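Asker: sequence first, predicted coordinates after that:
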Amino acid sequence: MNTSLGNVLRYTLLIAVGLIMLYPLIWLIGASFKTNSEIFGNASILPENPTLDGYIKGWETSTPYTFGRFFWNSFLIILPKTIGTAISCALVAYGFARFDFPYKKILFGTVIATLLLPNVVTRIPQYILFRDLGWLDTFLPLWVPSALAGDAFFVFMLVQFLRAIPRDMEEAARVDGANSLQTLIFIVVPMLAPALISVCLFQFMWTMNDFLGPLIYISSVDKYPVSLALKLSIDTTESFEWNRILAMSVLTILPALIVFFLAQKHFIEGISTGGVKG
Amino acid sequence: MASVDLINLEKTYGGGFRAVHGINLNIADGEFMVLVGPSGCAKSTTLRMVAGLEEITGGEVRIGGKVVNSLSPGERSIAMVFQNYALYPHMKVRSNLAFGLKLAGVPKPEIRKAVDEVAAILEIEPLLDRLPKQLSGGQAQRVALGRALIKKPGVFLFDEPLSNLDAKLRASMRVRITELHKRLKTQGLSSTVLYVTHDQTEAMTMGDRICVMQGGHIMQVADPKTLYNRPANLFVAGFIGMPEMNLIDGRLDGDAFVLGDQRLPLDLSRLPRRPAQAVLGVRPQNLTPGATGLTGTLAHVEFMGHDVNLHVDIGPARMVATMPAADFDRLDRAGDRVTLTPDPSALHIFDKDSGDNLSL
């Protein structure tokens, strides 16, 4: 009796808090189906007269391109960035976790130190570097650094994960005749998979949401990713069409949500380190 | 031909710690050599240097007469079985077995044939499509054994392969490995084995020869019988045998070993020298209750089934005598006086300072 009462209380509390946390998201989805006037006139979550107007007009945008173009641009940045991050960070983490080489401690310390460096500090030197390389208004500055293991956080995360995996399997592979690279590809990467999936998911979501990077480096509208395109619809029209902005916001968070739910199991496995059963 | 020779082999770690002190050991082609010793005696380090998993800091390892110091593990014609199996967790048993051959570029039909052959020998055919996590400890160890076997290596290296198994399984795996070794030998296949264990039962039952190690030094290399009957020093005497050999501190006086106020007459003519302080060694199985010998108080009787162990306090020393339980039908109880008569042919006199066995 007591336990069931306790359960009821517990779940009521959890649902209440959960609803409060989810409220903005639910409101966003509801409001995207409302008319512009209803958004400010009616506080309820459900629209009185549901309309797809926001989605249709929002998709067309006020530019010569549809929103699909901006999704494609985002995809062109995210794909090489995510794949490059997974490959390069796995290589670097493998090196730090499993090999001894001169100045390893100092080098690893440097990698970790860049974690503590505020992003803004490097913005201007980076901008000048990419300008001199002639990379402005291209996608290159947005993904090349990450594809060269530029994200210390991911390197650190993979190193920690690798340290928890016993070396026996790799030694067995070496006895079986595998070289270091074969050991990495055939043995380490499969064991590292949960962590690598987390890395890819983080990179995917952060890139999808990145606003400052594209804002600095991309100047042509036809190269805008969705994060910039959303802001675009606020800038260019005299009176903001809020339902269009909200509708496009819903579309924008959709890929991240879908990917997250598809990979949720591996994602949680990856961030709660430990990995291999002894 | 795949003999293994360790020549002045040394291992010094970065911090200056010297784990292996220039050891020399020759393992003949087809020989089953067991490295045994307490934990921390560097037996595993030695094995890993032979495997190429640990850097050699001094001396040489030769396999089949060829110096392999700078070769990678894959080039040394070795296969290794690890204590915790080290099966590749994401591959099915079949792929685990095939991995080495696949890397070597062996054609697929041949790999399939080799896998089936090894699976038949080890009776793991029903397991071929399972993942390692779906195997029991004994099954996993057989797969690990198969992974070594399939490579047809010159030398098999075993690193405490049975330590993670329960006692019953360990006993049956012991027999299986020994029989497998014999089978390879009769088929004329290379079957040199270097087997590391801390379990003296494994060492005694499996090895053609046993190398007893302590603190990075070799204490004695000999066949099991010699090791048991003629231990070269105090360490080997104490390490080999269950229950342990009785090692009693005392001194030599005239033709007797003196312990407290008791004298045990001995033939000391064959001793090469007289140590200042002597240790008398006698195995519990070589002591019988009798009229003459060392007398003490029975402290405790252990009933082992077939045998009994008598724990007898003689002065400051505790001696253990083992005898068939059938011979011990007297109702000797704790507190009784007992005289233990040693078998004179099975007595050892050690020099306490150097540890050497002087009676060999």
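Answerer: Nice, I can see it.

Asker: residue numbers of chain A in contact with chain B?
Answerer: Counting by C-beta under 8 Å from any C-beta of the partner chain, chain A comes close to chain B at A:166, A:168-169, A:171-179, A:182, A:186-187, A:190-191, A:193, A:276-278. (Each C-beta comes from the backbone N, C-alpha and C, glycine too.)

Asker: tell me which of these fall in strands.
Answerer: Judged by DSSP state E, strands contain none of the residues of chain A next to chain B.

Asker: okay, how far is it across stretch B:220-238, tip to tip?
Answerer: 13 Å (C-alpha to C-alpha, to the nearest Å).

Asker: give me the contacts around it.
Answerer: Residues from elsewhere that reach stretch B:220-238 (C-beta atoms under 8 Å, 6 or more residues apart in numbering or on different chains): B:25, B:203-205, B:207-212, B:214, B:219, B:240-241, B:244-245, B:247, B:279, B:281, B:346, B:348, B:350, B:352, B:354-357, B:360.

Asker: quick check: mean pLDDT across the host helix or strand of residue A:121?
Answerer: In the assignment (DSSP states H and E), residue A:121 maps to helix A:119-132. Averaged over helix A:119-132, pLDDT sits at 91.

Asker: how close does residue B:320 sit to chain A?
Answerer: 38 Å (C-beta to the nearest C-beta, to the nearest Å).

Asker: which element, helix or strand, includes that residue?
Answerer: With DSSP H and E as the test, residue B:320 turns up in strand B:317-324.

Asker: for whichever helix or strand comes after that strand, which positions count as buried?
Answerer: Next helix or strand after strand B:317-324 toward the C-terminus (DSSP H and E): strand B:337-342. For strand B:337-342, the buried set under the neighbour-count rule, 16 or more other C-beta atoms under 10 Å in any protein chain shown, comprises B:338, B:339, B:340, B:341, B:342.

Asker: stretch A:83-94 now?
Answerer: When burial is assessed from 16+ other C-beta under 10 Å, stretch A:83-94 yields the following buried residues: A:84, A:85, A:86, A:88, A:89, A:90, A:92, A:93, A:94.

Asker: and the helix or strand hosting the third one, what does it pack onto?
Answerer: This means residue A:86. If you go by DSSP H and E, residue A:86 is part of helix A:67-98. Packing partners of helix A:67-98 (3 or more C-beta pairs under 8 Å, 6 or more residues apart in numbering or on different chains; DSSP states H and E): helix A:53-60, helix A:104-116, helix A:140-147, helix A:152-163, helix A:189-209, helix A:226-236, helix A:242-271.

Asker: what helices or strands is the fifth one leaning on?
Answerer: So that's helix A:189-209. On a contact count with 3+ C-beta pairs under 8 Å, 6+ apart, helix A:189-209 meets helix A:67-98, helix A:152-163, helix A:226-236, helix A:242-271.

Asker: would you turn the ones you listed into a markdown table with mean pLDDT?
Answerer: Formatted as a markdown table, the helices and strands packed on helix A:189-209 follow (pLDDT from 0 to 100):
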| stretch | mean pLDDT |
| --- | --- |
| helix A:67-98 | 94 |
| helix A:152-163 | 93 |
| helix A:226-236 | 78 |
| helix A:242-271 | 83 |
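
Asker: between those, which one is closest to residue B:122.
Answerer: Distance to residue B:122, taken as C-beta to C-beta, is lowest for helix A:67-98 among the helices and strands packed on helix A:189-209, at 31.0 Å.

Asker: pop the domain breakdown of chain B in here.
Answerer: According to automatic domain parsing, chain B comprises the domains B:4-233, B:243-351.

Asker: what is the mean pLDDT for the first one?
Answerer: The one in question is domain B:4-233. For domain B:4-233, mean pLDDT is 94.

Asker: straight-line length of that domain, end to end?
Answerer: End-to-end distance (C-alpha to C-alpha), domain B:4-233: 26 Å.

Asker: that domain: how far from the chain's middle?
Answerer: Distance, stretch centre to chain centre, for domain B:4-233: 13 Å (C-alpha atoms, centre = their mean, to the nearest Å).

Asker: do stretch A:241-254 as well
Answerer: 19 Å.

Asker: name all residues that make contact with residue 26.
Answerer: With no chain named, the answer covers chain A. residue A:45.

Asker: I was after chain B.
Answerer: B:3, B:4, B:5, B:6.

Asker: ok, so of those residues, who is nearest chain A?
Answerer: Of all the contacts of residue B:26, residue B:4 has the smallest distance to chain A: 15.1 Å, by C-beta to the nearest C-beta.

Asker: dump the residue contacts of that closest one.
Answerer: So residue B:4 contacts B:25, B:26, B:27, B:33, B:50, B:61, B:62, B:63, B:155, B:192, B:194 (C-beta under 8 Å, 6+ apart).

Asker: show me which pair in the buried residues of strand B:337-342 is furthest apart.
Answerer: Farthest apart among those by C-beta to C-beta are B:338 and B:342. That separation is 13.2 Å.

Asker: just confirm residue B:189 contacts residue B:151, I think it does.
Answerer: No - taking contacts as C-beta atoms under 8 Å, residue B:189 lies outside contact range of residue B:151: 11.4 Å.

Asker: the two - which one has more neighbours?
Answerer: Between residue B:189 and residue B:151, counted using other C-beta atoms under 10 Å in any protein chain shown, residue B:151 has the larger neighbour count: 23 against 13.

Asker: now the more buried one: which helix or strand?
Answerer: Per DSSP H and E, there is no helix or strand for residue B:151.

Asker: kindly report the residues of chain B close to chain A.
Answerer: B:51-53, B:72-75, B:78-80, B:82, B:84, B:86-90, B:99-100, B:103-104, B:133, B:147, B:151.

Asker: of those residues, keep whichever come out buried.
Answerer: B:51-53, B:73-74, B:78-80, B:82, B:84, B:86-90, B:99-100, B:103, B:147, B:151.

Asker: how does chain A divide up, domain by domain?
Answerer: Using automatic domain parsing, chain A is parsed into the domains A:2-56, A:62-271.

Asker: columns distance to residue B:172 on top of these, output as CSV?
Answerer: Converted to CSV, the domains of chain A look like this (distance: least, C-beta to C-beta, whole Å):
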stretch, distance to residue B:172
domain A:2-56, 49
domain A:62-271, 24
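
Asker: which one of those domains lies nearest to residue B:12?
Answerer: Closest to residue B:12 of the domains of chain A is domain A:62-271 (C-beta to C-beta; 15.2 Å).

Asker: roughly how far is the closest one from the heart of the chain?
Answerer: The chain centroid and the centroid of domain A:62-271 are separated by 7 Å, computed with C-alpha atoms, centre = their mean.

Asker: same deal with stretch A:60-72?
Answerer: Relative to its chain's centre, stretch A:60-72 lies at 22 Å (C-alpha atoms, centre = their mean).

Asker: residue A:35 contacts residue A:51, correct?
Answerer: Yes - using C-beta under 8 Å, residue A:35 is in contact with residue A:51, at 5.9 Å.

Asker: can you name the residue of the stretch 101-250 of chain B nearest chain A?
Answerer: Per C-beta to the nearest C-beta, residue B:103 is where the stretch 101-250 of chain B lies closest to chain A, at 4.7 Å.

Asker: picking that back up, if you look at the residues of chain B next to chain A, which of them are in helices?
Answerer: Taking DSSP state H, the ones among the residues of chain B next to chain A that sit in helices are B:51, B:99, B:100, B:103, B:147.

Asker: got any residues that touch both of residue A:35 and residue A:51?
Answerer: Common contacts of residue A:35 and residue A:51 (C-beta under 8 Å, 6+ apart): residue A:243.

Asker: thinking residue B:203 is in contact with residue B:34, fair?
Answerer: Yes - assessed by C-beta under 8 Å, residue B:203 is found in contact with residue B:34 at 4.4 Å.

Asker: overlap of the contact sets of the two?
Answerer: The contact sets of residue B:203 and residue B:34 overlap at B:197, B:210 (C-beta under 8 Å, 6+ apart).

Asker: ok, now which ones touch the most centrally placed residue in chain A?
Answerer: Centroid-nearest residue in chain A, with C-alpha atoms, centre = their mean: residue A:205, separated by 1.8 Å. By C-beta under 8 Å, 6+ apart, residue A:205 lies in contact with A:256, A:259, A:260.
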